[in-house]
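>>> Only the shape, not the letters, is given here:
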């Protein structure tokens with residue numbers, strides 16, 4: 001793909017407290033901020049806010065924002081960040097914005113403050129950094145131990161390949177058997193960095209995955225959310241001899257979303273070839289971005305979902321969209337094969353024209369010179385030869401550009417063909433699974449009150465699927 005980055009781009013993922021944490025980029029150019037997931041809180045948000053402000057600055061320079069819509073708690077007690085007390089085990093995601101201070105100074109003030117330490121069970125060790133600058137500052141000032149395979153000689157986790165669902169289940173088994181390093185090595189091959197937080201032997205395990213394309217960050221973030229959802233679900237359901245239906249649905253839907261994101265990126269770089277001389281065809285992305293987003297009925301219904309207690313209606317709409325997608329992919333494969341056949345003729349013709357124009361520029365003046373070297377040449381003949389050579393030169397440039405455009409279009413078809421085949425295969429697998437988990441229109445997956453995590457990740461996946469599905473439908477329509 002043209003969006004492939006030349007240098008190896010490695011992204012850290014932190015494992016702590018039975019959860020994976022995605023580390024966001026923090027360029028720190030305009031807005032200075034630090035992002036944290038704070039575990040084991042035992043105070044209210046008001047007290048947390050007050051202690052952060054008093055520790056690192058005044059109200060004019062510091063703002064503290066609660067990112068989570070609601071507090072998640074590992075305990076069975078209910079708690080609220082708006083109340084005066086939070087049950088032991090509560091966690092919250094916060095963003096600290098500041099203007100005048102250096103990032104490393106902010107981190108050091110938080111790390112050394114006794115008031116901050118008193119907010120959680122394990123002090124500042126319960127503050128997991130979620131932005132790159134905070135992570136780097138904490139890593140540099142902590143004792144670290146490297147293990148696992150060497151970075152330069154290892155094929156790291158990327159999202160070019162399908163996720164092995166059996167491997168995913170084995171990894172979750174290992175996590176619940178406290179075989180953490182074994183689990184991390186299977187899921188994220190490569191180095192493992194163990195960061196000692198210097199309190200109660202608390203450590204963070206850091207693994208990496210490789211970003212090959214610009215949109216891999218979004219896919220990686222979604223994958224981390226899915227991992228955490230499956231781990232949370234295992235706490236409730238327990239170990240099973242078979243892969244749970246919920247797990248298979250989530251993984252297969254994620255795989256289709258990933259395929260569609262790759263297709264959208266690849267199609268975005270495509271230019272429709274044309275014989276029109278000296279007019280640069282826009283990339284398909286430029287055309288697509290000018291078209292207002294439009295959604296069919298099923299997509300609009302899924303986007304409008306705020307809360308749901310069963311999967312019957314959402315799965316019915318997803319099922320309809322998947323069938324339509326399968327038909328679209330098959331139609332595009334046929335059209336692309338037909339177009340490739342049509343593009344070969346102008347590619348060959350433009351190639352012949354190019355070499356013909358080059359030959360005429362060389363042969364005609366040479367022949368004219370030898371035929372007229374002993375006689376007085378006529379000015380009009382010279383002019384005709386000059387115009388002819390100029391036209392041949394222009395024809396050569398035009399035919400070369402046309403050959404380049406049609407050749408690129410054929411190369412695009414060859415690159416996109418395996419991805420279309422993979423998408424078709426994964427869409428078929430998802431459709432088969434949807435058929436299997438729905439009986440007489442009723443879903444076999446429970447979404448009662450204890451499965452709030454299922455609702456959250458499915459809602460996120462439904463929304464993401466709708467967005468990428470509508471984009472690829474527009475891309476298919478434009479390219480057709």
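Alright, I've got the coordinates. Please read these numbers as outputs of a predicted model, since none were measured by experiment.

>>> can you pull out the helices in the stretch 251-400 of the chain?
284-289, 297-303, 312-371, 379-437 (DSSP state H, counting those that start in this stretch).

>>> Mind giving me the packing neighbours of the shortest one?
With contacts defined as 3 or more Cβ pairs under 8 Å, 6 or more residues apart in numbering; DSSP states H and E, the secondary structure elements packing on helix 284-289 are helix 245-268, helix 452-479. C-beta here means a position set from N, CA and C on the backbone, and glycine is covered the same way.

>>> can you give me the angle the longest one makes with helix 379-437?
Looking back up the chat, that one is helix 452-479. Helix 452-479 and helix 379-437 are oriented at 150 degrees to each other (axes from the mean of the first three to the mean of the last three Cα atoms, to 10 degrees).

>>> okay, the angle between helix 452-479 and helix 245-268?
Helix 452-479 runs at 30 degrees relative to helix 245-268, counting by the same axes, to 10 degrees.

>>> Which other helices and strands does helix 452-479 contact?
helix 216-237, helix 245-268, helix 284-289, helix 297-303, helix 312-371.

>>> the inter-axis angle of the second one versus helix 312-371?
Same thing as helix 245-268. Counting by the same axes, to 10 degrees, helix 245-268 lies at 20 degrees to helix 312-371.

>>> Tell me how far helix 245-268 lies from the chain's centre.
10 Å (Cα atoms, centre = their mean, to the nearest Å).

>>> What residues sit buried inside that helix?
Within helix 245-268, the residues scored as buried using 16 or more other Cβ atoms under 10 Å are 246-268.

>>> And for the shortest one?
Judged by neighbour count using 16+ other Cβ under 10 Å, the buried positions of helix 284-289 are 284-285, 287-288.

>>> where in the chain is pLDDT low?
For the chain, the stretches with pLDDT under 70 are 1-8, 58-60, 68-89, 148-155, 160, 277-279, 360-386, 388, 441, 479-480.

>>> can I get the helices and strands packed on helix 284-289 in CSV with distance to residue 93?
Converted to CSV, the helices and strands packed on helix 284-289 look like this (distance: least, Cβ to Cβ, whole Å):
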stretch, distance to residue 93
helix 245-268, 22
helix 452-479, 14
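
>>> Would you mind saying which of these lies nearest residue 33?
Distance to residue 33, taken as Cβ to Cβ, is lowest for helix 452-479 among the helices and strands packed on helix 284-289, at 23.4 Å.

>>> Can you get me the centre-to-centre distance for the closest one and its chain?
When C-alpha coordinates are averaged (Cα atoms, centre = their mean), helix 452-479 and its chain have centres 13 Å apart.

>>> Tell me which of the helices and strands packed on helix 284-289 sits nearest to residue 391.
helix 452-479 (33.9 Å).

>>> That closest one versus helix 216-237: what angle between them?
Using the same axes, to 10 degrees, helix 452-479 lies at 150 degrees relative to helix 216-237.

>>> May I ask you to confirm that residue 210 belongs to a helix?
No - Residue 210 is assigned strand when assessed by DSSP: H, G, I helix; E, B strand; the rest coil, not a helix.

>>> what's the burial count for it?
Applying other Cβ atoms under 10 Å, we find 21 residues neighbouring residue 210.

>>> close enough to count as contact, it and residue 13?
No - using Cβ atoms under 8 Å as the test, residue 210 is too far from residue 13 to be in contact (11.5 Å).

>>> Overlap in contacts, the two.
Both residue 210 and residue 13 lack any common contact, where contact means Cβ atoms under 8 Å, 6 or more residues apart in numbering.

>>> Now name the helix or strand holding residue 147.
strand 143-148 (DSSP states H and E).

>>> how much distance is there from that strand to the middle of the chain?
Chain-centre distance of strand 143-148: 28 Å, with Cα atoms, centre = their mean.

>>> Identify the residues contacting that strand?
By Cβ under 8 Å, 6+ apart, strand 143-148 touches 181, 184-185, 189-196, 198.

>>> Show me the beta-bridge partners of residue 32.
residue 98 (DSSP bridges).

>>> that older thread, what's the farthest-apart pair in the buried residues of helix 284-289?
285 and 287 (7.4 Å).

>>> re earlier: go through the helices of the stretch 251-400 of the chain and name the closest to residue 90.
From the helices of the stretch 251-400 of the chain, taking Cβ to Cβ, the stretch that ends up closest is helix 312-371, at 30.0 Å.

>>> How much space separates residue 170 from residue 220?
21 Å (Cβ to Cβ, to the nearest Å).

>>> err, residue 326, not the other one
Counting by Cβ to Cβ, the gap between residue 326 and residue 220 amounts to 27 Å.

>>> Which of the two has more residues huddled nearby?
Using other Cβ under 10 Å, the more surrounded residue of residue 326 and residue 220 is residue 220, with 20 against 16.

>>> so the more buried one touches residue 209, yeah?
Yes - using Cβ under 8 Å, residue 220 is in contact with residue 209, at 5.9 Å.

>>> Overlap of the contact sets of these two?
Shared contacts of residue 220 and residue 209, defined by Cβ under 8 Å, 6+ apart, are found at 11, 13, 159.

>>> Turn those into JSON lines, including distance to residue 33 and neighbour count.
Below are the shared contacts of residue 220 and residue 209 laid out as JSON lines (distance: Cβ to Cβ, whole Å; neighbours: other Cβ atoms under 10 Å):
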{"residue": "11", "distance to residue 33": "19", "neighbour count": "20"}
{"residue": "13", "distance to residue 33": "20", "neighbour count": "22"}
{"residue": "159", "distance to residue 33": "27", "neighbour count": "23"}
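
>>> ok, so of these, who is nearest residue 109?
For the shared contacts of residue 220 and residue 209, the nearest to residue 109 is residue 13 (26.5 Å; Cβ to Cβ).

>>> what angle sits between the strand or helix carrying the closest one and helix 216-237?
Using DSSP H and E, residue 13 maps to strand 9-16. Calculated by the same axes, to 10 degrees, strand 9-16 forms an angle of 20 degrees with helix 216-237.

>>> What helices and strands are in contact with whichever helix or strand comes after strand 9-16?
Using DSSP H and E, the helix or strand that follows strand 9-16 in sequence is strand 19-22. Counting contacts by 3+ Cβ pairs under 8 Å, 6+ apart, strand 19-22 is packed against strand 9-16, helix 216-237.

>>> Sheet partners, orientation included, of strand 19-22?
When DSSP bridges is applied, strand 19-22 pairs with strand 9-16 (antiparallel).

>>> Residues contacting the strand it pairs with from elsewhere in the structure, which ones?
Strand 9-16 is contacted from outside by 20-23, 39, 128-129, 132, 135, 151, 156, 180, 184, 188, 193, 204-212, 217, 220, 224, using Cβ under 8 Å, 6+ apart.

>>> Count residues in the vicinity of residue 172, would you?
19.

>>> hang on, I meant residue 424
By the criterion of other Cβ under 10 Å, residue 424 has 17 neighbours.
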